[in-house]
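[1] Curious how this folds, go ahead:
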Amino acid sequence: MARGISYKDAVKILGGGSPVVEALDRLMGGILLTATAGGSELALSLFDAKGELGRLSGELVSGLGDRMRGLSRFSRTQRLEAARKVLMLTAFFDALAEADLPEDLRRFSRADQLSLVGAEPSRRLKRVVSYLTQDASAHQDALIRYDGSPHRDGRPFFEGLGMAVTELAWAEGELDPDALRVLTEDVPAAAMARYEELYLRLATEFPELAFWTDRMDHHATRTELASVRTGLEGLRDVLERLSSGTAPDERRAALARAHRARLDRPVTLSAETPGALRFPSLAEIYVNPRYRVTQAHPAVRLNEESTWEHGGVHDDLQAFLIGYLTSFATVSEPLLLLGQPGAGKSKFTEMLAASLPPEDFMAVRVALREVPADADLQTQIEAGIRSATGETLSWPDLARSAGDALPVILLDGFDELLQATGVSQSDYLEQVVRFQEREAAQGRPVAVLVTSRTSVADRMRIPNGGVVAVRLEPFSEEQTARWLDVWHSTTASDLAARGLSPLPVETALRHPALASQPLLLLMLALYDSDDNALQKDDHALDSADLYERLLTRFAEREVRKLHPELDGASFADAVEDELQRLSITAFAMFNRGRQWVTEDELSEDLAALLPDPVAPRQGSIRAALTPGQVVVGRFFFVHRAQAVQGGEVRGTYEFLHATFGEYLVARLIVRELSDLVSFARATRNRHQLVDDAFLHALLSFAALTERSAIVTFLQRLVGRSPNRDALADLLHGLFHEAFTARTGRTLNEYQPVRCTVPTRIATHSANLLLLLVMAREVITGSDLFPGSPEPVEEWQRCTGLWSSHLTSTSWLSLPFHVGLDRIWTDGRVDISLRNAPMSITEEANAGWLLRSSARARPLGSVPTMLISVAHFACQPETDILTHALGPLLWDSTIGEHLVTSFADTPRGLVSGASAYLGLCQEAASPDSDQEELVRRYEECLAFLKGAAPELWAVLILRHLTVDAERLPPNWRRSVYERLQEHCPPDSPARDLLDRAMAAVFFKPHTGRPLRRGECH
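    So this is what the prediction gives:
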């Protein structure tokens, strides 16, 4: 057998001078220079067009480590990527040499192998060589760690090359099936295994390769990274060991000093420090987060949870970053980092910038909130450089001075550009890609990372080439415990000096929504550090209690700082004023249907709802602040996004956790209702003189059912109100007044969104009804509309208004919070509303239905009416039902009778359509029960006493012919007797009856069915 090209042969051949090298050089040169001329500088730099492939291959086993030390960070990555692709060719020929081939194909010698590579290339081989030299698939490198196939790009290459060899062998004559299977299946599989073996061999000398595929056989390295759970120190240590760069110049060193200085700052500002509490630094307390990763392309919706479900949660972020930063993908596309507010995106960029060794990387962190939003990307980067170092440097000059280091630009806060300016930035990632392409063309390859909130990720357009997207995940219980360990080690002595104990992990974990986000966990720790407030009576706290205490405590702290002279009632009033303004901030977001509000919008809302301005202290810098800045700027659980546009700083506000805003909305509603009750009692004139303009303004722009958390908080707050009955009386009166013209104070200047008058009436009345039902628990229609002879008609008018003017989400969510039962009161139809989700356990009672609709409108031709009204109203719910019932409604023969006829049955009054559809459903069900099937037939048989007995006989007999064997024989005979009188001779019904009887009766002693006519 001719000896094939082994791994040893490949090393010698690729070392220089052999026919294989010459053939590969000719082949790649021919294809590259014609197919990618002018656009493949990267490939040309890798292979030097004519001879670089041979030199790279020789370096695989001989002195590569020494020669790599003099290369820049990216040059090292280029060589390793080239080596990886060359190994694929070697692995294929190794597998081919070992294959169990027929004797004639075993003579496929070294010369044949060389001719395959060096002859005029086939179309398939051109594609293979193109794959070997192009970088189009480089973006997958960051993801192949997690898909269970770390070398997934190898399989299509080996299969394609296997087909090329098969075509060459086929030219000699017909291939037998065994040879075909070996070349197209066995050889590619063996080549894959051989490639992984060669790859791992190379990875023992160059660990970057192991990080590319998560195949770390370096036990010590893996253990080290797993043990370093804070501060990204493991990433820094590994990258320093991989470093081959030179000492940084003064510019790089200045940037590195600025980044490291950030890590020594405490994790919170002194303004939030209770007492003399010392805080840990960012470097000490930063816990390396868990994450999810996905490949994003233009059709992917990154703000939807389903996008992230594949692949699971990972905890090896340091290993991921090492693989990404040393891979080819890092200079061809941005890495997108997403997370919720408070998840630690900005702190991550600070940690990463400080953790990259300046010998190999030049990190430039750009806080997008601080640079011109309407400037181009290069100008924003240069502004970030000036902010970090104080120097005005041009980006090209700085990039050229990077030397061996790879520039890494960290663009922090894409979402702030969107929110603060309101200007579309949908092409921002595409701008980043174009910037990277330009820099690579100029010999200045650069890596870029962009951060953003997950919820606005759908507002950025993903480039056609795709990007790798990472989402930071909430803390696990172990990470929460690790964070608290660091917190305790720093603050324990200060707490002990004040007679306080550290916050136990189990106490924090009882509030997972807060303890799982770094910044909110800090808030819990700060809250407890005052006087162990969280630990006291923690078991008795529900979520409403917790948020009330948290918000109140931080408001008290702010009031003490701003007004130390206040005490007693004046202090309590000032605290309540702070919370009220925070609540108006929450309403500013809620009534606009957003989780954020601009600074200008908030200032307008405050001016409209609280005409007395927020007065800053004399001589304070706050005298120049807007009302919005004065109200929320000092609460660190309110995140302020900002951007610079047209030379002006524009800001938006958002709660770090949406639940803060949702609780504040509920709190303000209940507080205002309580104040109105107190006013009504003081005037002894109940509701007539109650000024509800403020409440009306708050409740007439958005339905409370839009946010289920708001409804939950309201149920708890209303349920524990000591004035619940008085609250219900007040709401009852306000509900009826909601449908009349408003008089007195209106606060019309408060307009968070533009709404028509009917829409505001609908929204206001629906919200009042929701609150009324919460206060009463149960209320009937007769009580809701006292004095009305037809309370159901009044209810229908209300629901008609709501369904036509509320948003679809608000309208459809209302039954999930207000349950309705159809009842009878004193012999008339009525409803009962209850403070619980709708639960419908049985079909609508036809008797109730007929009585309730009799006075509303005549039935007339019901199918025609239903179709006409549905078509006219364009209501989606009605359209869906009429479409589903279309075969009945549009059938002029049976539709009218089925829809308008009713009959008494054991389960009450039933319509013909309900009875017939019930029979169809039960007969078609694979789990049909004989007793239930008989019951359905009996309901249909009850209509034989109605206006169209022959029609019903036909419908029943058609089913009976099919179901005969499933029904009891005696019952079938009785049905025949009942149907006989409704089947006139020579009618369709009689013909069906004859056929049915053939299946029902058998001629005695013959065992055969009766023939047609014998049953008479």
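
[2] List the contacts of stretch 705-719.
    Applying Cβ atoms under 8 Å, 6 or more residues apart in numbering, the contact partners of stretch 705-719 are 542-544, 547, 590, 593, 658-659, 662-663, 665-667, 669-670, 704, 724, 727, 766, 770-771, 774-775, 807, 809-810, 813-814, 816-817, 835. For the C-beta atoms, the positions are set from N, CA and C on the backbone; glycine is no exception.

[3] Among these, name the ones in helices.
    543-544, 547, 590, 658-659, 662-663, 665-667, 669-670, 724, 727, 766, 770-771, 774-775, 809-810, 813 (DSSP state H).

[4] what's the neighbour count on residue 977?
    For residue 977, the count of nearby residues is 8 (other Cβ atoms under 10 Å).

[5] Which helix or strand lies directly C-terminal to the helix or strand containing it?
    Using DSSP states H and E, residue 977 maps to helix 969-980. As assigned by DSSP H and E, the chain's next helix or strand after helix 969-980 is helix 988-1000.

[6] Just the CA trace of that following helix, in CSV.
    Provided in CSV are the C-alpha atoms of helix 988-1000 (Å, rounded to 0.1, in the frame of the first residue of the first chain):
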residue,chain,number,x,y,z
PRO,A,988,-84.3,12.6,3.1
ALA,A,989,-85.1,11.8,6.7
ARG,A,990,-86.8,8.5,5.8
ASP,A,991,-83.9,7.5,3.6
LEU,A,992,-81.5,8.1,6.4
LEU,A,993,-83.7,6.3,8.8
ASP,A,994,-83.7,3.1,6.6
ARG,A,995,-79.9,3.1,6.5
ALA,A,996,-79.7,3.7,10.3
MET,A,997,-82.2,0.9,10.9
ALA,A,998,-80.0,-1.5,8.9
ALA,A,999,-77.3,-1.0,11.5
VAL,A,1000,-79.7,-1.0,14.5
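
[7] Any buried residues in the helix holding residue 977, and which?
    972, 975-976, 979 (16 or more other Cβ atoms under 10 Å).

[8] Can you list the neighbours in contact with it?
    934, 937, 941, 944, 953, 956-957, 960, 964, 989, 993, 996-997, 1000-1001.

[9] Likewise for stretch 495-511?
    275, 277, 477, 480-481, 484, 487-488, 491-492, 514-515, 521, 524-525, 528-529, 531-532, 534-535, 538, 546.

[10] Just the buried ones from the residues you listed, in ChimeraX syntax?
    Applying 16+ other Cβ under 10 Å to these, the buried members can be selected in ChimeraX as follows:
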select :277,480,481,484,487,488,491,514,515,521,524,525,528,529,532,534,538,546
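
[11] residue contacts, residue 917?
    residue 888.

[12] Tell me the spacing between it and residue 940.
    10 Å (Cβ to Cβ, to the nearest Å).

[13] How about residue 694, nearest residue that isn't a chain neighbour?
    Spatial nearest neighbour of residue 694, chain neighbours left out: residue 672 (6.1 Å); criterion: Cβ to Cβ, 6 or more residues apart in numbering.

[14] Pretty sure that neighbour sits against residue 691.
    No: when contacts are counted by Cβ atoms under 8 Å, residue 672 is not listed as touching residue 691 (10.7 Å).

[15] out of these two, which sits in the busier spot?
    residue 672 (17 against 11).

[16] picking that back up, can you redo the buried residues of helix 969-980 as TSV with distance to residue 91 and pLDDT?
    Below are these laid out as TSV (distance: Cβ to Cβ, whole Å; pLDDT from 0 to 100):
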residue	distance to residue 91	pLDDT
972	74	82
975	77	84
976	80	81
979	79	85
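
[17] List the contacts of stretch 796-815.
    Outside stretch 796-815, the residues that touch it by Cβ under 8 Å, 6+ apart are 702-703, 705-706, 708, 756, 758-759, 761-763, 765-766, 769-770, 837-838, 856, 875-877.

[18] Now intersect these with the helices, please.
    Using DSSP H, these in helices are 708, 758-759, 761-763, 765-766, 769-770, 876-877.

[19] Show me which of the residues you listed are buried.
    759, 761-763, 765-766, 769-770.

[20] okay, those in CSV with distance to residue 426 and pLDDT next?
    CSV is the format used below for those (distance: Cβ to Cβ, whole Å; pLDDT from 0 to 100):
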residue, distance to residue 426, pLDDT
759, 30, 96
761, 37, 96
762, 34, 97
763, 32, 97
765, 39, 97
766, 35, 97
769, 41, 97
770, 37, 97
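
[21] Can I get the residues you listed in a markdown table including distance to residue 380?
    Supplementary listing: those in a markdown table, determined by distance: Cβ to Cβ, whole Å:
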| residue | distance to residue 380 |
| --- | --- |
| 759 | 42 |
| 761 | 48 |
| 762 | 46 |
| 763 | 42 |
| 765 | 49 |
| 766 | 46 |
| 769 | 51 |
| 770 | 47 |
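
[22] which SS class is residue 824?
    Secondary structure, DSSP: H, G, I helix; E, B strand; the rest coil: residue 824 is strand.

[23] Test my guess that residue 658 contacts residue 595.
    Yes: if you go by Cβ under 8 Å, residue 658 and residue 595 touch, sitting 5.8 Å apart.

[24] So between these two, which is more surrounded?
    Taking other Cβ under 10 Å, residue 658 and residue 595 do not tie; residue 658 has more neighbours (19 against 16).

[25] residues contacting that one?
    Taking Cβ under 8 Å, 6+ apart, one finds 595, 709 in contact with residue 658.

[26] again, only this time at 6 Å
    residue 595 (Cβ atoms under 6 Å, 6 or more residues apart in numbering).

[27] Kindly report the same for residue 724.
    residue 775.

[28] Try it again at 10 Å.
    Counting by Cβ atoms under 10 Å, 6 or more residues apart in numbering, residue 724 makes contact with 677, 718, 774-777.
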